[in-house]
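Q: no sequence for this one, just the structure:
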């Protein structure tokens, strides 16, 4: 008889076995994923200090790996916050260890990407990675390490301490990996270009394996406020979260518990809620039974008077910047942008920003040009499965006079303390109903604006035609009538033409 | 100055925080995912014993959860191999613990789905799950358990041992979860229907919350051979895998090492390879340096004379069954199927089977109807990102006289010891170049067949038209000529008509 054997594997081993789910699917995507994961960590590391990021990326050719793939050395250098020395080995050599497990708007969310890049480098080239970092103190720490995949622990091969005379602060990651740069190149360059578009305060430098230099220089030093960590909003909690809060709370009654652990719940709201749900304000949260916790969760979702989440913990692009980005990139004839009010899904506040543009340098093709961003990072793969694309496809565009053959570009940015990515590789966003609704409402708003533009343009076109007819025949009629009447002077046609104009001259 | 804090989270906590990546995105998909994960575990559990599966699924209404969601109780019962009692708590209450981490064709691959279903039930309803199982021995074990998410350990709330008088063997899982059945219903029913189509030896029973019974009865008791565990193929190894094999090998020289740990490497092949790569057959594998291991990996990929992987560890549908399934489902006018020879990606053997069908009950729509299967499970979500769909879209169908407005259905089945899913929720398959190539070659083969069919049909149509013209005028001409010639008897037109026919009567 067959016998089933059971075993436990480490988190590192899980992602080693299933690298596809982290975006390391093939040699071309792997090199793209490695670069973006490290660049995003660097952007986060600089922004958390409100320092304009200076990021230098170099990919250099090391040798041939197979007929279609090469070995590259990747170096990513930033001026970010730096990693405290005692955390360096685990932060780079242990999966599910990191600083990203917070309710805070940041690019990284899984605490996984950087390690996956090193892990992929290790399994394809079996070389250690070098990490150099300083938090700006008197010393710089250098580690050479590999990952013990089966135990999910860093293996430290070498460690050096250098004097930091120049008070350098930042992190350098360098390692080798197998990849196919030339196939990945268009996506990588797109990635840098779009990243610069939504991070106008960053300097990005990329040196490719042929030694070509791509330099994207900041256009402003003005930085958004660093995103703040936030508390969960009561509309989105689940039983597990309630239990965790009850476990750690120092508060001895429900009133204080609610006031201190939830986003936008103050004294008055907490009292109202407790009355609504018939829970005594003096009840000790640690004494709640399972059934009472489940009921508390349902009541939190049912109560109508919680304030909407506060956007201060989020850092959206803003309508101005979004518009400027679109104009810079596409030089369109018309653009409309809209920022939605903050909303929540599963306790996480989020803001949707959308833009629509028409004409100019937007190519005419069958369907719209779509740009997707999440927490200021461009999403470039697996477009078809993204919630934004689904909403765009489901919309009745004809209602807004928009047809698929028009030169139209649509841009959707979602920022959140937790973007609901569908894959660990952050390629596309899951179809959460709350997110879908916000995108749809945002798109309807800009669609109405483009409709007004298109309607106006249609009128103007019709008017132009009408005036064209008039201006073609009126001079002849004037001449003819003048002759008939035996007059020398022709009537003033311009005045006549002006009188039939229905739109201002600046519009025709 | 900002201070970064670091923390470690458990694998269970990771999936709790990121349930989107495991398919539990919204209340509708969650209920679909829970059912399919448990059904697939049950199918695997019966097949590993070569027992025709009998699976009973009941979803019953327990109460309202919110405006749009309800609480359901899900029970899935099978006649599979059963879980040994000491493994029950971890197999259901600990993420990354299981029996699925093998090189073996099975539906489950992540060892995660069943636990995610229970975890989702727990965080939405906070009730324990009940697991009842017996391997057919004298006792039946019943556990009530929950998951300690922060520590990733099962919490046993109750345990009972019952006498197994009837020698029952199988597993029953029962728990409550929040969901939206009515939105998920069409996908769930499709799922059962398509599962029955590719598992014709299974009995599937589903009782829905309204008490409606869906019964899909087996049409055969003939079972494929249970999939066997296999060794890695030399073309697909990476450095990590080589190191693991070196670590566990009892063999003291390279010749024995290669012969014993790799798929389809015998004495002769091993000798040839060692000569090709200039490695001494008597070298102790444990003495290989890092550089030598990396070199060994590259040489293994370069050597041309390894035998292709043996399909005996795979259990494809077979062309007959695939054809029968398509005919049963779509009653088409024409069908062509093709099974590719086994191939490998990253050391994993796989077989692609494709089918194409025309006409009959296939609806005419813009684009093809696409059915996707992997290891005998239907894939129903996120079609647009699937490698099969990408290949289908990239093909030049006009070359094969196929246009998007034709009533065409395409079916792709991939079976492998490791299907390269892109998401933990097994919604779609990653774009691995080796897999893409096999699908494309398979599709070209059936495309040529449908081209022959369409060409023939075109000829036949043209011929029909030509004969139509003849048969319309020939009688008149015959009458007229007979009159002119003064003859009573008309010439034999039928004979004439037969003589201009270019195709057999059975084809017109």
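A: Yep, that arrived. Just so it is clear, the model here is predicted, and its values are computed rather than measured.
Q: what residues does the stretch 101-250 of chain A have near chain B?
A: For the stretch 101-250 of chain A, the contact set with chain B under C-beta under 8 Å from any C-beta of the partner chain comprises A:101, A:109-111, A:122-126, A:149-150, A:226, A:238-240, A:244. Heads up, the C-betas are built off the backbone N, CA and C, glycines and all.
Q: swap in the stretch 351-500 of chain A?
A: Counting by C-beta under 8 Å from any C-beta, the stretch 351-500 of chain A sits next to chain B at A:382, A:384-385, A:418, A:420-424, A:428, A:430-433.
Q: any buried residues in stretch A:247-262, and which?
A: Using 16 or more other C-beta atoms under 10 Å in any protein chain shown as the test for burial, stretch A:247-262 gives A:251, A:254, A:255, A:256, A:257, A:258, A:259, A:261, A:262.
Q: show me what contacts the residue of the stretch 401-508 of chain A found nearest chain B?
A: Ranking the residues of the stretch 401-508 of chain A by distance to chain B (C-beta to the nearest C-beta) places residue A:430 first, at 4.1 Å. Contacts for residue A:430 were tallied using C-beta atoms under 8 Å, 6 or more residues apart in numbering or on different chains; they are A:387, A:420, A:421, A:422, B:20, B:25, B:26.
Q: state the number of residues packed around the third one.
A: Right, residue A:421. Around residue A:421 there are 19 other residues, counting by other C-beta atoms under 10 Å in any protein chain shown.
Q: cool, and the second one?
A: By the criterion of other C-beta under 10 Å, residue A:420 has 25 neighbours.
Q: that one and residue A:345 touch, don't they?
A: Yes. Applying C-beta atoms under 8 Å, one finds residue A:420 in contact with residue A:345, separated by 6.8 Å.
Q: what number of residues lie near the spatially closest residue to residue A:451 that is not a sequence neighbour?
A: Spatial nearest neighbour of residue A:451, excluding adjacent residues (C-beta to C-beta, 6 or more residues apart in numbering or on different chains): residue A:400 at 4.1 Å. For residue A:400, the count of nearby residues is 20 (other C-beta under 10 Å).
Q: got a list of contacts for stretch A:473-488?
A: A:489, A:490, A:491, A:493, A:496, A:497.
Q: and if you look at stretch A:387-394?
A: A:368, A:370, A:372, A:383, A:410, A:412, A:414, A:428-432, A:435-436, A:439-440, A:443.
Q: filter those down to the buried ones.
A: Applying 16+ other C-beta under 10 Å to these flags A:368, A:370, A:372, A:383, A:410, A:412, A:414, A:428-432, A:435-436, A:439-440, A:443 as buried.
Q: tell me which of the residues you listed fall in strands.
A: Mapping the buried ones among the contacts of stretch A:387-394 onto strands (DSSP state E) picks out A:370, A:372, A:410, A:412, A:414.
Q: confidence score at the residue nearest to residue A:451?
A: Looking at residue A:400, its pLDDT is 95.
Q: isn't it right up against residue A:448?
A: Yes. Taking C-beta under 8 Å as the definition, residue A:400 is a contact partner of residue A:448 at 6.8 Å.
Q: partners of the residue sitting nearest the centre point of chain A in the sheet?
A: The centre of chain A sits closest to residue A:374, judged by C-alpha atoms, centre = their mean, with a distance of 1.4 Å. Beta-bridge pairing for residue A:374 (DSSP bridges): residue A:377, residue A:414.
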